[in-house]
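> Sequence first, then the predicted structure, then my questions.
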Amino acid sequence: MSDRILGAACLLAGAGMAWAAHDYAAPISYEPVGPRAFPLLLAALMALAGGWLIARPGPQGFGLGREHYRSIGLAMAAVFAYAALFETLGFPLATAVMALPIGMAFGGSWKQSLAAGVAMGLALYLMFDKLLDVVLPTGLLSFVLGGR
Amino acid sequence: METLHFLLGGFAVALSPANLMVAATGAFIGTIVGMLPGLGPINGVAILMPLAFALKLPPETALILLAAVYMGCEYGGRISSILLNVPGDAGAIMTALDGHPMAKKGLAGVALSISAWSSFVGSLIATIGIVLFAPLLARWALAFGPAEYFALMCFAFACITGLMGDAPVKAALAAMIGLSLSTVGLDSNSGVYRFTGGNVHLSDGIQFIVVVIGVFSVSEILLMLEQHHSSSGLIQVSGRKLFNLKELALTWPGTLRSAVVGFVVGVLPGAGATIASAMTYSMEKRMAGPDGHFGDGDIRGVTAPEAANNASAAGSFVPMLTLGVPGSGTTAVMVGALSLYNITPGPALFTQNPALVWGLIASLFIANVMLLVINIPMVGVFTKVLRLPNWTLVPGILAVSAVGVYSVHATTFDLMLMSGLGVAGYLLRKQGMPMAPLILGFVLGDLMEQNLRRALSITNGELGILVESPISIGLWIGAAAMVIVPPLMRLRAHRKVAAAAA
């Protein structure tokens, strides 16, 4: 990805914002500036900056190391899966499941990562939910830990 | 006199057992977060902020926790700079230049203790600076109307984009993205839902915590994947643990100078610890002249940047407390934290909520003493943490971040949004876009729009009011200078280099 792609994305985002905001109007207006002006101003400035990047891109390209593609893709997928499963599996289980790929991406063996995940899931659950009163979902383990 | 009275009241707040404990915890956690390469003050404050809110801490206690973490980070960064030659946070980059050579010579203990001492002096002088100047600035800022506030916020954005280094357009773009994100949700003036796409979860806007955690915690994890650090190069602390009087006398003037410079740089919006430490390092290097051996383990090269980065961290509280306009990413996160409690920082805070303001200032003094106490004798404990492998640390950071996000609304939607913003933040950061303007934009967005609309309501839509008062004219000129001058200076420096090469 280069500056040009970023610029084009910003141009598109600006256009999209302007399109979405163009018919924002207050049903009854008390003030001269309605809900539309500020978003339109931002959309214009964003498109302007995007156009600038397309016209004058910086020298450096996208510095994503190819050797990291796999581990970064894996980590991104793990983050999304963690978010999606957080409530269904419950915090302790979801954390253990998340720690396996993330731990391995950071150089742990699968045994180490899994063990760390299980320990952390339980310890953090006990600390936050039981000790500090920050309620966390228990999901599949609700028959042991209570809650939901 | 009045100030002294308020300060004493502040100490009464800060010395309550709960606040003392919170300050000590924050100082300890902050030192660890600052020490870990990749995690800086902004990440630490971002991760702890939702927890403070979830634990139902009162606002002044939450703010004390975050401030202690911030200061702790500036202390902690030096440990990995000195022992690993990898700066623990951006403000400690200069410390590595002379700190690591000192450690290699077997002077690790001396480098660590004298840098803790100069950190202490830097923070102390800057905190005294807050006590002296913040009330004056707040009294002056009470005269600000909506037009002046709008101009002030534009000035803050100009500073943060102009001083943010090599990519001002990208910094401006980041600010635009942050401002745009803040417009999502119900517009309270007109009752119109903006950019929600009909989604109920977005109707009261994007949660501040979700943005901060996504952009500073999740994206940081992805970035860390590419910058694996191993603790194999860790130097053992051996020999003399404490600096001696001769070393103290040698570094004393430089420490004082750097603390003052750091405070001034910190007060300016946009310029933070990184700039302050780089400035003072080169200043001390020039002043030492030929008898310095900077870059080769000169002790003055350790004390000057450490005094400066701590002083600038404390200094950055001044614009946040007095104007309500944060000057750095970390203080922007703190303003966001206060907004969770429905508190809008600004000049009125000094009269309306003196317990909060002065309690915070007093706790800066207390946290600073605590940090000195835990940083000199307990350095061994911290170096053990540096040996903690990333495969336990990173999942832990992600789990704690998710707990923070979940604790606000308890929805999967917020967690998914956090992940999405994290990936987007990662891609933008890879593209060289700084995230501090984005968070500043998100925090200030609503305030900025409201002030603009209020100002224009006064004149029924006439734009002239924005440049009417001398204060706003001055701020606009300042903003223009901030945008125009740094690129010109860089251009001149480039020409000089080119001329020297030719």
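Great, that's in hand. Numbering: from 1, shown residues only, chains lettered A, B, ... in the order given.

> Quick one: residues contacting residue 42.
Just going to use chain A. A:Met17, B:Met176, B:Leu179, B:Ser180, B:Thr183 (CB atoms under 8 Å, 6 or more residues apart in numbering or on different chains). For glycine as for every other residue, the C-beta is placed from the backbone atoms N, C-alpha and C.

> wrong one, chain B
By CB under 8 Å, 6+ apart, the neighbours of B:Ile42 are B:Phe216, B:Gly329, B:Thr330, B:Val333, B:Ala436, B:Ile439.

> Give me the pLDDT for A:Asp129.
Listed pLDDT for A:Asp129 reads 88.

> which ones are touching it?
So A:Asp129 contacts A:Phe91, A:Val135, A:Leu136, A:Gly147 (CB under 8 Å, 6+ apart).

> next one: B:Leu48
With CB under 8 Å, 6+ apart, B:Leu48 has these contacts: B:Gly26, B:Ile29, B:Leu65, B:Leu66, B:Val69.

> helix or strand right after the host helix or strand of A:Gly7?
Element membership for A:Gly7, per DSSP states H and E: helix A:3-21. On the C-terminal side of helix A:3-21, the closest following helix or strand by DSSP H and E is helix A:37-55.

> ok now that next one, how far from the chain's centre?
Centroid separation between helix A:37-55 and its chain, computed with CA atoms, centre = their mean, to the nearest Å, is 24 Å.

> Can you tell me which of the contacts of A:Asp129 lies closest to B:Val394?
Among those, A:Phe91 lies closest to B:Val394 (CB to CB), at 17.3 Å.

> Report the residue ranges of every domain in chain A.
Following automatic domain parsing, chain A resolves into domains at A:3-55, A:66-145.

> Please work out which of those domains is packed deepest.
When those are scored by mean count of other CB atoms under 10 Å in any protein chain shown, the highest mean neighbour count falls to domain A:66-145 (a mean of 19).

> ok, for residue 92, nearest residue in space, not its chain neighbours?
Because you didn't say which chain, this covers chain A. Nearest residue to A:Pro92 in three dimensions, chain neighbours excluded: A:Gly121, at 3.8 Å (CB to CB, 6 or more residues apart in numbering or on different chains).

> Let me rephrase: I mean chain B.
Sequence neighbours aside, B:Gly77 is the residue nearest to B:Ala92 in space, at 3.1 Å (criterion: CB to CB, 6+ apart).

> Torsion angles phi and psi at that neighbour?
Per-residue torsions, B:Gly77: phi -60, psi -30 (degrees, to the nearest 10).

> re earlier: the domains of chain A: which one's closest to B:Ala498?
domain A:3-55 (23.3 Å).

> list the contacts for whichever residue of the stretch 151-300 of chain B sits closest to chain A?
Closest residue of the stretch 151-300 of chain B to chain A, CB to the nearest CB: B:Ser190 (3.4 Å). Contacts for B:Ser190 (CB under 8 Å, 6+ apart) come out as A:Ala25, A:Ala26, A:Pro27, A:Ser29, A:Gly34, A:Pro35.

> one more time with 10 Å
A:24-31, A:33-36, B:453 (CB atoms under 10 Å, 6 or more residues apart in numbering or on different chains).

> Same question for B:Ile477.
B:Ala151, B:Phe155.

> Just the buried residues of the helix or strand in which it is found, please?
Assigned by DSSP H and E, B:Ile477 falls within helix B:470-501. For helix B:470-501, burial by neighbour count (16 or more other CB atoms under 10 Å in any protein chain shown) applies to B:Ile471, B:Ser472, B:Leu475, B:Trp476, B:Gly478, B:Ala479, B:Met482, B:Val483, B:Pro486.

> Also stretch B:284-292?
Across stretch B:284-292, burial judged by 16+ other CB under 10 Å covers B:Glu284, B:Lys285, B:Ala288, B:Gly292.

> The residues you listed in helices, which ones?
If you go by DSSP state H, those have B:Glu284, B:Lys285, B:Ala288 in helices.

> Which one of the residues in chain A is closest to chain B?
For chain A, CB to the nearest CB, closest residue to chain B: A:Gly108, 2.9 Å.

> and that residue, that's in a strand?
No - assignment of A:Gly108 by DSSP: H, G, I helix; E, B strand; the rest coil gives coil, placing it outside any strand.

> show me the contacts for it.
Here A:Gly108 is in contact with A:99-100, A:102, A:114-117, B:389-392, B:394-395 (CB under 10 Å, 6+ apart).

> Let me have these in a markdown table, extended by distance to B:Pro37.
Formatted as a markdown table, the contacts of A:Gly108 follow (distance: CB to CB, whole Å):
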| residue | distance to B:Pro37 |
| --- | --- |
| A:Ala99 | 21 |
| A:Leu100 | 24 |
| A:Ile102 | 18 |
| A:Leu114 | 25 |
| A:Ala115 | 24 |
| A:Ala116 | 20 |
| A:Gly117 | 23 |
| B:Pro389 | 13 |
| B:Asn390 | 10 |
| B:Trp391 | 15 |
| B:Thr392 | 16 |
| B:Val394 | 12 |
| B:Pro395 | 17 |
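
> Now pLDDT and secondary structure too, for the residues you listed, in TSV please.
What follows is those, written out as TSV (pLDDT from 0 to 100; DSSP: H, G, I helix; E, B strand; the rest coil):
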residue	pLDDT	secondary structure
A:Ala99	94	helix
A:Leu100	93	helix
A:Ile102	93	helix
A:Leu114	94	helix
A:Ala115	94	helix
A:Ala116	93	helix
A:Gly117	94	helix
B:Pro389	86	coil
B:Asn390	85	helix
B:Trp391	88	helix
B:Thr392	89	helix
B:Val394	90	helix
B:Pro395	93	helix
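
> center of chain B, which residue is that?
B:Thr330 (3.3 Å; CA atoms, centre = their mean).

> Poorly predicted segments of chain A, please.
Within chain A, the ranges that satisfy pLDDT under 70 run A:1, A:59-67, A:148.

> the residue most distant from the middle of it, which is it?
A:Tyr30 (37.7 Å).

> Does anything pack onto the lengthiest helix in chain A? Which helices or strands?
Ranked by number of residues, the top helix in chain A under DSSP H is helix A:69-89. Applying 3 or more CB pairs under 10 Å, 6 or more residues apart in numbering or on different chains; DSSP states H and E, one finds that helix A:69-89 contacts helix A:91-105, helix B:219-224, helix B:390-409, helix B:412-430.

> returning to what we had before: now rank the contacts of B:Leu48 by neighbours and give me the top one.
Ranked by the number of neighbours (other CB atoms under 10 Å in any protein chain shown), the contacts of B:Leu48 place B:Val69 first, at 31 neighbours.

> need the contact list for it.
Contacts of B:Val69 by CB under 10 Å, 6+ apart are B:23, B:25-34, B:41, B:44-45, B:47-49, B:52, B:76, B:330, B:334, B:367.

> same deal with B:Met435?
Going by CB under 10 Å, 6+ apart, the list of residues near B:Met435 reads B:42, B:171, B:174, B:177-178, B:212, B:215-216, B:219-220, B:329, B:425, B:428-429.
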